[in-house]
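Engineer: output the structure for:
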Amino acid sequence: MSPNHQSNKNLKKKYLKFIKSQDVLSEPFRNKISQLNDFFLPIGKMIYQVYSKDNKTKIIGLTGGQGSGKSTISNILKIILKENFNLETVIFSIDDFYKTLKERKNMSKNISPLFLTRGAPGTHDTKMLLKCITKLKKYKFTKTVIPRFDKALDNRVLKKNWLKVIKKPNIVIFEGWCVGAKPQKKKDLLIPINRLEKYYDKKKIWRNKVNQELKNDYSKIFKLIDKTIFLKVPSFKYVLKWRLLQEKKLRILKKGNKIMSDNQIKKFIMFYERLTKHMLKTLTCDSDTVIKVDTKHRLKSIKFN
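Structural biologist: You can find the predicted model right below:
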């Protein structure tokens, strides 16, 4: 299926409208049309080609460090897949499957206090996530509900506000910072990577549990992914920089809600540091598509492995 002139025109219009809605004054999107042509359209075409081989629902894993642009790119791909290929796309994040505050409080008491903070493997409801993805992939589709997590409340929203998927999707974009992550070798867990691990995980209970979770339940989920797209940031220090920008967006969009201070964010991303650095080493070769993001937060290159 090739997009015609009218669909290309509609696509550009919707794409530019969406980009405008995402612009933050301090860091506006640049080279909008060239990024569409050089990055987003080729990825959209790749996804369509994968789908068209058997017309079965495909799970696309979109992964990368915090603030790398996963949510924005997911929505751009949804526009492209609809306008150019007439494919229905459902988007959800691994963040939507965080365990409830009550469940994490129990983990913090029974395993390690560090599990109170959402983010690392172990803080997601993997049973619910596995069931959801399996259901979305089934040939005989039945109505599916996907949870929603409110980060300002640090808890799941009421079930009546969950995403309801009524129609079988052609494509599912499953995005998240640790999607597709592989476990580390035991010897790599010995030395603490930051102050958080040094002072609050002296016995290595937290990081060993995180690694065990990746080996077991998370690997079962990630095996259901048909294609993985990795947004490769220049280094971990840019995760902090872009996470601060992300929080600025939240301040603009959600006035009055609980938003983290800069110091709170610096501590918060320590929970992500070990696995993010590990993914930068491993997913460059293991992913189907690698997009390099430069130091100015622009898409620099794309490689289809």
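Engineer: which parts of the protein are strands?
Structural biologist: 58-64, 89-93, 144-146, 149-150, 155-156, 163-165, 171-176, 227-232, 289-293, 299-304 (DSSP state E).
Engineer: and the residue nearest the centre of the chain, what are its bridge partners?
Structural biologist: Compute the mean C-alpha point of the chain, and by Cα atoms, centre = their mean the closest residue is residue 176, 1.8 Å away. For residue 176, the beta-bridge partners under DSSP bridges are residue 63.
Engineer: pretty sure it contacts residue 93?
Structural biologist: Yes - contact criterion Cβ atoms under 8 Å: residue 176 and residue 93 qualify, at 5.3 Å. Backbone N, C-alpha and C define where each C-beta goes, glycine included.
Engineer: what sits in contact with each of the two?
Structural biologist: The contact sets of residue 176 and residue 93 overlap at residue 70 (Cβ atoms under 8 Å, 6 or more residues apart in numbering).
Engineer: with mean pLDDT and distance to residue 14 added, can I get the strands of the chain in CSV?
Structural biologist: Output for the strands of the chain, formatted as CSV (pLDDT from 0 to 100; distance: least, Cβ to Cβ, whole Å):
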stretch, mean pLDDT, distance to residue 14
strand 58-64, 97, 19
strand 89-93, 97, 13
strand 144-146, 96, 23
strand 149-150, 94, 27
strand 155-156, 96, 31
strand 163-165, 96, 21
strand 171-176, 98, 17
strand 227-232, 98, 21
strand 289-293, 96, 21
strand 299-304, 95, 19
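Engineer: and those strands as a markdown table, adding distance to residue 72?
Structural biologist: A markdown table is the format used below for the strands of the chain (distance: least, Cβ to Cβ, whole Å):
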| stretch | distance to residue 72 |
| --- | --- |
| strand 58-64 | 11 |
| strand 89-93 | 11 |
| strand 144-146 | 19 |
| strand 149-150 | 19 |
| strand 155-156 | 24 |
| strand 163-165 | 18 |
| strand 171-176 | 10 |
| strand 227-232 | 10 |
| strand 289-293 | 12 |
| strand 299-304 | 11 |
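Engineer: so which of the ones you listed gets nearest residue 121?
Structural biologist: Smallest distance to residue 121 across the strands of the chain (Cβ to Cβ): 10.5 Å, for strand 171-176.
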